[in-house]
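Engineer: Just need the structure, nothing else, for what follows:
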Amino acid sequence: MILPVQERLRTHLARVLSTLFSLDPETLPAVALEYPPNRDLGDLGTPIAFELARRLRKAPRAIAQDIAGAFGTLDVPFANTVGTVAFGVNQAGLVGGDYFTTEFVTNVHGFLFDHGTFSTIDAPFGGAFNTVVRGVNDTGELVGLYSDSMGTHGFLARPQAAVPEAPSLALLSLGVIALLAWKIQER
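Structural biologist: Alright, predicted model coming up:
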């Protein structure tokens, strides 16, 4: 699971370096990814700023800051949100994670980020709270966990087609009935 993510990160980083510093992709040094010695420094690191310092005639720290600035943030835009954590991304670019709100007790909600649109994912079971989405596979299935009075449980959520809301369904039914009545009168 981590190797495809690392390869996608290498590819994205090479694109960022080419664009940011006007470098020919063919002459870029290989993007090495390493595990930092201290988890507080992040999950992965790269010495690419040191490797480019001489070529760009720029301090490695300045290069690293430029690279970091080229990566965006992903923050859920919902009211009372105080933190967002992304846990997984699939090949289609769907991102799963969770966000924290200022609500007491039930303050964690899962989310799915689909090309600019955030959707809240909460376990649909009575008494469920603190839903966390930990991953999304290439078919869009979500895995995660939620809590209830009995403890913590895992879940697998399969995407389903949207079901029209009751008022929309009633309106659609009335439209079909009216159309049929009009067709009968026309004969």
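Engineer: which residue ranges form the helices in this structure?
Structural biologist: Under the criterion DSSP state H, the chain contains helices at 2-21, 48-56, 60-70, 166-186.
Engineer: Highest mean neighbour count out of the ones you listed?
Structural biologist: Per-stretch averages of neighbours, counted by mean count of other CB atoms under 10 Å, single out helix 48-56 among the helices of the chain, with a mean of 16. Where C-beta positions appear, they are placed from N, C-alpha and C, glycine not excepted.
Engineer: returning to that earlier point: in CSV, list the helices of the chain along with mean pLDDT and distance to G93.
Structural biologist: Formatted as CSV, the helices of the chain follow (pLDDT from 0 to 100; distance: least, CB to CB, whole Å):
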stretch, mean pLDDT, distance to G93
helix 2-21, 82, 10
helix 48-56, 93, 24
helix 60-70, 91, 18
helix 166-186, 69, 29
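Engineer: Ok, which of those helices comes nearest L94?
Structural biologist: Closest approach to L94 among the helices of the chain is made by helix 2-21 (13.4 Å; CB to CB).
Engineer: I'd like the distance from that closest one to the chain centre, please.
Structural biologist: Helix 2-21 sits 17 Å away from the centroid of its parent chain (CA atoms, centre = their mean, to the nearest Å).
Engineer: tell me what that helix is packed against?
Structural biologist: For helix 2-21, the packing partners by 3 or more CB pairs under 8 Å, 6 or more residues apart in numbering; DSSP states H and E come out as helix 48-56, helix 60-70.
Engineer: neighbours of T139, just the number please.
Structural biologist: Neighbourhood size, T139 [other CB atoms under 10 Å]: 9.
Engineer: ok, now F111?
Structural biologist: Neighbour tally, F111, other CB under 10 Å: 26.
Engineer: All further residue positions should be reported with the first residue as 132.
Structural biologist: Noted, 132 is the first residue going forward, which turns the last one into F242.
Engineer: wait, it sits on T232?
Structural biologist: No: applying CB atoms under 8 Å as the test, F242 and T232 come out as separate, 11.5 Å apart.
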